[in-house]
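>>> here are the coordinates; sequence isn't available:
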């Protein structure tokens with residue numbers, strides 16, 4: 001199952017070529033991830049909060065890395081982008097979050113982020129519990145098939 005997060009474009013997201021800038025794409029991914037994985041504030045509507053993290057909790061999440069593939073330019077429009085997220089891998093203390101950004105029903109970006117779970121008290125990675133894995137299971141899906149990966153496999157690398 002994928003989580004769908006609508007994110008509207010801002011005029012300031014555009015670059016000199018009148019397309020959404022790559023830095024703005026990272027902000028869009030971050031905003032979608034926060035909306036999906038954090039519990040909403042009082043009175044704030046939000047889609048399903050998968051991790052249900054809150055400020056001041058025992059766990060901090062940090063991003064260890066991103067991979068982004070731009071499929072097509074994103075032109076400015078007033079319709080919200082459809083950011084689709086799912087969990088593509090779970091390790092001992094980390095999870096890979098996969099994304100697809102759709103603009104007016106066209107796939108424009110594929111991405112994946114590795115999120116590490118940190119114990120707030122010790123500031124060290126903490127293991128993901130069996131209960132957390134079970135709660136996240138409906139959101140498990142395949143990893144992103146990046147074009148670069150296919151090219152490297154074709155070369156035998």
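Structure received. Because the structure is predicted, anything quoted here is derived from the model rather than measured. Residues are numbered from 1 along each chain as shown.
>>> Can you give the contact residues for stretch 17-33?
Defining contact as C-beta atoms under 8 Å, 6 or more residues apart in numbering, one finds that stretch 17-33 is touched by 5, 7, 9-10, 12-15, 66, 68, 70, 73-76, 81, 83, 85, 97, 99, 101, 109, 111, 113, 115. Every residue, glycine included, has its C-beta placed from N, CA and C.
>>> Which ChimeraX command selects the buried ones in those?
Only the buried members of these enter the following ChimeraX selection, criterion being 16 or more other C-beta atoms under 10 Å:
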select :5,7,9,13,14,68,74,81,83,85,97,99,101,109,111,113,115
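>>> Of the contacts of stretch 17-33, which belong to strands?
5, 7, 66, 68, 70, 81, 83, 85, 97, 99, 101, 109, 111, 113, 115 (DSSP state E).
>>> I'd assumed residue 109 was in contact with the fourth one.
Yep, that's residue 68 we're talking about. Yes. Here residue 68 reaches residue 109: they are 6.6 Å apart, a contact under C-beta atoms under 8 Å.
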